[in-house]
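Engineer: Next input, structure requested:
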Amino acid sequence: MVRDDIPNEEQRELNDQAKQEGINYPKKRFVYEEIKRHLGERIFIALVGPRGVGKSTLLKQIHHQAEASFYISLDSVRVTDLFELSKELMNRGIRLLLIDEIHAYPNYGNELKKIYDFLPGLQVLLTSSSAISLHDTTYDLSRRVRLISVPSLSFREFIFFTRDIKVQPISLSNLTDTERCRTYYGQNMHFEPLFKEYLTGGNYPFTLGQQDTLPQFRNMLDTIIERDLIRVSGMTVAESFEVGKMLLFIGRSESEGISYSSISQNCQIAKTKVQKYVDLLEKAFVLRRVFPKGTNITKEPKILFALPYRLLFKPYDDAIGALREDFFVDSISRLGIRLDYLKGTRGEKTPDYHVGNLVCEIGGRNKGRTQFKGFTAKHKIILTHPGMLDEMRRPLFFVGMLE
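Structural biologist: The predicted model follows:
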């Protein structure tokens, strides 16, 4: 027997509102097509990404186009029994359940397992603003959930959302072809003046068209530290203060030499705790770790910020050197390509990063080739900002155009 009180009036109103709101966002993130490809499969889909990148909007866009879907935000309406709600919705013909903010439901992992095992006709597409919680739970759900990354906007996506232009991408292998890069630069160099706007917070959809965006990132970081880390990871208030102290040190330092050991020594925090904090903040998309390439060297990672969090601790002109690296690592990481930083065994100068068959040095226009001296690699390039192009140099913003 179908119960008339499930879904209740509040849940139905939210569902109708979300379907209508899907019309209000005609432009779609590039990841939208990847999500659509997996709809209808016998697997749940979890959208993983930082706060503010448009995961809720993606759900509403899909809801607007789907015929047998139902949207619910567990952060907005109360649900006492998620399994029973899902069962009743399936009985009413719903085949796609869109669950926003899944982390707001207690023990949601167990409910998702029940839905998957006992309601095989229902697919679930879910999001969470607590990326830490979603990472851990989807690991437990193993074969039942497909993780799809929803990163911040690439520079190419930023151009699409701000200028309504879909720039043709460039491949990583093309970066070594001087003539192709020369042609590509001629076609797209007029976008380079937008690069500073992108680096300073334009990589999130909610900042588009706004001037002073850093206060919003400060609020987002405070929410991650004061709520997500404490609620999801069991961190104490005292430990959250240590996290703040650690971030302040990383933010005010040069990117070179930031590791577990340097943080531990300078912040007076046990190295095991530093490792724990960095791991959690990487899951929350605040920090990024890049491990060294090679053997016989300390295996501690280099620790960078995700864009644009570094600017909460240091002004743009002072931070630009490290900010370029933050951008590079952000852009390469979203491609799913292995990235290592290069570290000499005796402290000698080396290029910055190893990506595929590329060895990359990152810097300003005056960046020279001295780091490559005596360094053997099939392809060597210098990524510069502001951009330059010759046999070895490439504009740094090209990395934001990769696909």
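
Engineer: low-scoring stretches of this structure, by residue?
Structural biologist: 1-5, 135-136, 138-140, 294-298, 343-351, 367-378 (pLDDT under 70).

Engineer: How is it divided into domains?
Structural biologist: 9-149, 156-401 (automatic domain parsing).

Engineer: for the helix or strand hosting Met246, which positions count as buried?
Structural biologist: Met246 is part of helix 237-252 when elements are defined by DSSP states H and E. Within helix 237-252, the residues scored as buried using 16 or more other CB atoms under 10 Å are 239-240, 242-243, 246-247, 249-251. Every residue, glycine included, has its C-beta placed from N, CA and C.

Engineer: Contacts for it next, please.
Structural biologist: Helix 237-252 is touched from outside by 221, 225-226, 229-230, 235, 258, 263, 266-267, 269, 273-274, 277, 281, 286-287, 303, 305, 309-310, 312-314, with contacts defined as CB atoms under 8 Å, 6 or more residues apart in numbering.

Engineer: Quick one, which of the residues you listed are buried?
Structural biologist: For these, a burial check counting by 16+ other CB under 10 Å picks out 221, 225, 229, 235, 258, 263, 267, 269, 273-274, 277, 281, 286-287, 303, 305, 309-310, 312-314.

Engineer: Looking at those residues, which are in helices?
Structural biologist: Applying DSSP state H to these, the entries found in helices are 221, 229, 263, 267, 273-274, 277, 281.

Engineer: now for these, which pair is the farthest apart?
Structural biologist: Among those, the pair separated by the greatest distance (CB to CB) is Leu221 and Lys273, at 19.0 Å.

Engineer: ok, the spatially closest residue to Ile23 that is not a sequence neighbour - contacts?
Structural biologist: Using CB to CB, 6 or more residues apart in numbering and skipping the chain neighbours, the partner closest in space to Ile23 is His64 (5.9 Å). Each residue near His64 by CB under 8 Å, 6+ apart is listed here: 19-23.

Engineer: how does it look with 6 Å?
Structural biologist: 19, 22-23 (CB atoms under 6 Å, 6 or more residues apart in numbering).

Engineer: Quick check on the residues you listed: which are buried?
Structural biologist: 19, 22.

Engineer: Nearest to Gly336 among the contacts of His64?
Structural biologist: When the contacts of His64 are compared against Gly336 (criterion: CB to CB), the nearest one is Gly22, at 28.4 Å.

Engineer: Doesn't Leu383 belong to a helix?
Structural biologist: No: in this structure, Leu383 is strand, not part of a helix, as judged by DSSP: H, G, I helix; E, B strand; the rest coil.

Engineer: let's number from 8 now, not from 1
Structural biologist: Fine by me, first position is 8 from now on; the one you just mentioned is Leu390.

Engineer: partners of it in the sheet?
Structural biologist: Leu390 forms beta bridges with Ile369, Arg401, as assigned by DSSP bridges.

Engineer: Could you report the distance from it to Gly370?
Structural biologist: According to CB to CB, to the nearest Å, Leu390 and Gly370 sit 8 Å apart.

Engineer: And those two? Which one has more around it.
Structural biologist: Leu390 (26 against 19; other CB atoms under 10 Å).

Engineer: tell me the contacts of the more buried one?
Structural biologist: The contact partners of Leu390, by CB under 6 Å, 6+ apart, come to 367, 369, 401, 403.

Engineer: Would you check how far apart it and Asn114 are?
Structural biologist: Per CB to CB, Leu390 is found 46 Å from Asn114.

Engineer: Next: Leu409.
Structural biologist: Distance from Leu409 to Asn114, by CB to CB: 40 Å.

Engineer: more crowded one of those two?
Structural biologist: Taking neighbours as other CB under 10 Å, Leu409 and Asn114 compare with Leu409 leading, 19 against 9.

Engineer: tell me the contacts of the more buried one?
Structural biologist: By CB under 6 Å, 6+ apart, the neighbours of Leu409 are Leu179.

Engineer: One more: Leu221?
Structural biologist: Residues near Leu221 by CB under 6 Å, 6+ apart: Leu318.

Engineer: Name the nearest residue to Ile270, sequence neighbours excluded.
Structural biologist: Using CB to CB, 6+ apart, the nearest residue to Ile270 is Val281, at 4.9 Å.
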